[in-house]
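Asker: Fold the stuff below for me.
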Amino acid sequence: MRVLFIFIIIILLDLFATLSLESYIGHNASITLNYVSGLVGLILVRKGFLRHVIEVFKKLKNKQKILNDGWEALAFFISGLLFLTPGIITDIVGAVLLIPLARIILIDKILKPTFKKDK
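Answerer: The predicted structure is shown next:
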């Protein structure tokens, strides 16, 4: 529930930031920026997320421990969704999630504790 609330707040802030940015760079540039970031999101979801999911299934098939691989796939998926969401803040957060250290922090400090509390 907390993750959904944070996501809604980010989207509202993103809307305000995008409208403010649009007044500086113009309407056409803003629309182009949204389309490009959407394409980046699609590529990330297709390639990065699927690569991580395939790796998880390979490890499960070989009866190896997956440890953080499932969480890495989820972080990549979230990054792709953030790029698909129109707006500058979600694009920045999505780009930060592409950094391995940022994904580790997200997994250890936010995702794991959140899902442990919900159970």
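
Asker: can you pull the contacts of the spatially most central residue of the chain?
Answerer: What sits nearest the mean C-alpha location of the chain, by C-alpha atoms, centre = their mean, is residue 79, with 1.7 Å. Residues in contact with residue 79 (C-beta atoms under 8 Å, 6 or more residues apart in numbering) are 44, 48, 94, 95, 97, 98. Using the backbone N, CA and C atoms, a C-beta is placed for each residue, glycine as well.

Asker: Can you pull the poorly scored residue ranges out of this structure?
Answerer: Residue ranges of the chain with pLDDT under 70: 67-68, 111-112, 114-119.

Asker: Residue 106 contacts residue 74, correct?
Answerer: No: because the distance of 9.1 Å does not satisfy C-beta atoms under 8 Å, residue 106 is recorded as not touching residue 74.

Asker: So of the contacts of residue 79, which two are at opposite extremes in space?
Answerer: Across the contacts of residue 79, the longest distance by C-beta to C-beta is 12.7 Å; it joins 48 and 95.

Asker: ok, then the element right after the lengthiest helix in the chain?
Answerer: Ranked by number of residues, the top helix in the chain under DSSP state H is helix 2-25. Proceeding N to C from helix 2-25, the next assigned helix or strand is helix 27-43, under DSSP states H and E.

Asker: Which residues does the helix or strand following that next one contact?
Answerer: Once the chain leaves helix 27-43, the next helix or strand it forms, by DSSP H and E, is helix 50-61. Helix 50-61 is contacted from outside by 65, 66, 69, 70, 72, 73, 76, using C-beta under 8 Å, 6+ apart.

Asker: Great, nothing more from me.
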